[in-house]
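1. got a predicted structure plus its sequence, pasted below:
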Amino acid sequence: MKDGRQKGTPDLDVVARAAAGDPAAHRALYDAHRPDVFRLARSFGGLGSDDVEDVVQETFVRAFRHLGKLQQHARFLPWLLTIARNRALSRLARRRAESATAAEFGREAEAHLELESEPPDTQVELELELVRRVISSLPEGPEKETVHLFYVEGKLSAREIAERLGVGKSAITMRLERFRAKVKKRILAEVARLRGEGSP
Amino acid sequence: MHLDSKTYAALLAGKLAPDEAHALSAHLEGECEQCEAFLAAQTNGDSLDGATDTAIARALPASGGEGNDLEFARIQRELRRPATAWRRAFVPAAIAASLIVAGLAGLVAKQLPERRPDASALDGVKGQAVRPIPVRLRFLELQPGGGSTRGSPARR
């Protein structure tokens, strides 16, 4: 296991050193989490390979620049991935605004920027099996195939999967979002269970 | 009970009543396309998004997309530069400052005593005696947040 990561949990000392501006700690976090950030950016079919590279770079610049604001260093990875998602959404919104289809998206993207200083506060011990259970519960079909190609095999981007399967890029993005929604639902059920503890 | 914006926000903020949270948990444990569609449409990059992406990253570690020295060097270089907001504000401010200086120069020039050329120095070959030419100075002040303000014309 590389420095800066143990099963997705960053070494708190590395995060603390990175927050203090230590380039070696920056490098450790970058090496440990770049694949996750890269894959997240590639899940947006609307982003080309150059966009993906830009999103990755912007994510780490923004994260390292604002790392001092992150109070719970154990939350580094969710925080980093939230930044990456917002960077990707912001770039997509800019693309849409450029094609003059939705000024609304631009305003939405600005709203996203405001959220980045907020560390995720979901108080849940995530079970690794949760995601696997969601995958195994998917019925055989295009959604499961897409999830398998993207997350399990992990070699193709959303765009490349769209080309291989002969469907639109947005269809692949939607399938991946539906899968994420299923994972979200399970996590949210767990959040609700913990909040509801003690009620009859 | 299905998820809606109000319930969702209250749950994430820890403000949902325990009995409602309990009922919602039981509901979300089952299949519900309506709630899944609601969650799929939530693309605000909120805490649940971070938790979901982290769960996926931990369960299905990404392969490929490893870092490289060149990109890391670019990140470090970018970190040494001022934040984008400052850069965004700097360029319009610099343009506005130069235009203001140019405007002030025009006003100062207007205050200086007018110098008429010595008629004896003109031999008529290159034209007639110089007369003041009306000049109107216009400038546009660009605001950092967008928009612009037209400067008052100075005339001499």
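-> Noted; the coordinates are in hand. Numbering: from 1, shown residues only, chains lettered A, B, ... in the order given.
2. quick one, strands of chain B?
-> Assigned by DSSP state E, chain B shows strands spanning B:136-137, B:140-142, B:148-150, B:154-155.
3. lowest-confidence stretch among those strands?
-> Across those, strand B:154-155 has the smallest mean pLDDT, namely a mean of 49.
4. could you find the closest non-adjacent residue to A:Gly46?
-> What sits nearest to A:Gly46 in space, not counting adjacent residues and going by C-beta to C-beta, 6 or more residues apart in numbering or on different chains, is A:Leu92, at 5.0 Å. The C-beta positions use only the backbone N, C-alpha and C, and glycine is treated the same way.
5. count of residues packed around that neighbour?
-> Per other C-beta atoms under 10 Å in any protein chain shown, the neighbour tally for A:Leu92 reads 20.
6. so it: helix, strand or coil?
-> Of the three states, A:Leu92 takes helix under DSSP: H, G, I helix; E, B strand; the rest coil.
7. and the helices in chain B?
-> B:5-12, B:18-29, B:33-41, B:47-59, B:69-80, B:84-111 (DSSP state H).
8. closest to A:Arg34 out of these?
-> helix B:69-80 (8.2 Å; C-beta to C-beta).
9. and the residue nearest the centre of chain A, what are its phi and psi?
-> Centroid-nearest residue in chain A: A:Leu81, 4.1 Å away (criterion: C-alpha atoms, centre = their mean). According to degrees, to the nearest 10, the main-chain angles of A:Leu81 amount to phi -70, psi -30.
10. residues contacting the helix or strand containing A:Val14, please?
-> If you go by DSSP states H and E, A:Val14 is part of helix A:12-19. Contacts of helix A:12-19 from elsewhere in the structure, counted by C-beta atoms under 8 Å, 6 or more residues apart in numbering or on different chains, are A:3-4, A:24-26, A:28-29, A:64, A:67-68, A:70, A:73-74, A:76.
11. try 7 Å
-> A:3-4, A:25-26, A:28-29, A:64, A:67-68, A:73-74, A:76 (C-beta atoms under 7 Å, 6 or more residues apart in numbering or on different chains).
12. phi, psi of B:Glu66?
-> For B:Glu66, the backbone dihedrals (degrees, to the nearest 10) come out as phi -70, psi 160.
13. what sits against it?
-> Going by C-beta under 7 Å, 6+ apart, the list of residues near B:Glu66 reads A:34-35.
14. so what pLDDT did it get?
-> The score at B:Glu66 is 91. That number is its pLDDT.
15. send me stretch B:4-20 as PDB with only the CA atoms.
-> Backbone C-alpha positions of stretch B:4-20 (Å, rounded to 0.1, in the frame of the first residue of the first chain) are rendered in PDB as follows:
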ATOM      1  CA  ASP B   4     -38.500  14.700  -1.400                       C
ATOM      2  CA  SER B   5     -36.200  17.700  -1.200                       C
ATOM      3  CA  LYS B   6     -37.300  18.700   2.300                       C
ATOM      4  CA  THR B   7     -37.000  15.200   3.800                       C
ATOM      5  CA  TYR B   8     -33.700  14.700   2.100                       C
ATOM      6  CA  ALA B   9     -32.200  18.000   3.400                       C
ATOM      7  CA  ALA B  10     -33.500  17.400   6.900                       C
ATOM      8  CA  LEU B  11     -32.100  13.900   7.000                       C
ATOM      9  CA  LEU B  12     -28.600  15.000   5.900                       C
ATOM     10  CA  ALA B  13     -28.700  17.900   8.300                       C
ATOM     11  CA  GLY B  14     -29.600  15.600  11.100                       C
ATOM     12  CA  LYS B  15     -32.900  17.400  11.700                       C
ATOM     13  CA  LEU B  16     -35.400  14.600  10.700                       C
ATOM     14  CA  ALA B  17     -37.500  13.400  13.600                       C
ATOM     15  CA  PRO B  18     -36.400   9.900  14.700                       C
ATOM     16  CA  ASP B  19     -39.700   8.300  14.000                       C
ATOM     17  CA  GLU B  20     -39.700   9.700  10.400                       C
END
